[in-house]
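Participant: need a structure here:
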Amino acid sequence: MKLTTNELEVINRYLNDKPVLRAYVFGSYARDEADSKSDLDLLVELDYSRPVGLEFVGMKLDLEEQLNKSVDLVSVSGLSPRIRPFIDQDKKLIYERAIRR
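Facilitator: Now for the predicted structure:
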């Protein structure tokens, strides 16, 4: 199972106003092994030029509500060096913030 076009649009629309530079899907959705019980694993590069704080927790909850599925939201800066190679192996870019001038 892959993310639907609608789910990708929801994610992109939502992240557009958040302190996120890039977002990647990884895990079962990236490998096309997800089923109806799978959670959605998202890796995000945060924009620390603005305060993030508790907004990160809120992003997870908002995405779960909007997508109607469990979301595991992980920041690049919070990744363990032991886990990073496994995530890097199958991550797929699904969002990149447009440059604002």
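Participant: C-alpha from now on. contacts and neighbour counts both.
Facilitator: OK.
Participant: Now the biggest helix by length in the chain: average pLDDT?
Facilitator: The longest helix of the chain (DSSP state H) is helix 55-67. Average pLDDT, helix 55-67: 94.
Participant: what distance separates it from the middle of the whole chain?
Facilitator: 10 Å (C-alpha atoms, centre = their mean, to the nearest Å).
Participant: show me the contacts for the residue most central in space within the chain.
Facilitator: Nearest to the mean C-alpha position of the chain, by C-alpha atoms, centre = their mean, lies Leu42 at 2.9 Å. Counting by C-alpha atoms under 8 Å, 6 or more residues apart in numbering, Leu42 makes contact with 23-26, 71-74.
Participant: Who wins on neighbours among the residues you listed?
Facilitator: When neighbours are taken as other C-alpha atoms under 10 Å, the top entry among these is Ala23 (25 neighbours).
Participant: Work out for me the element that residue sits within.
Facilitator: strand 20-26 (DSSP states H and E).
Participant: What is that strand packed up against?
Facilitator: Judged by 3 or more C-alpha pairs under 8 Å, 6 or more residues apart in numbering; DSSP states H and E, the packing partners of strand 20-26 are strand 40-46, strand 92-96.
Participant: among those, which is nearest Val10?
Facilitator: strand 92-96 (10.9 Å; C-alpha to C-alpha).
Participant: sorry, back to before: the residue nearest to the centre of the chain pairs with what?
Facilitator: With DSSP bridges applied, Leu42 shows beta-bridge pairing to Val25, Leu73.
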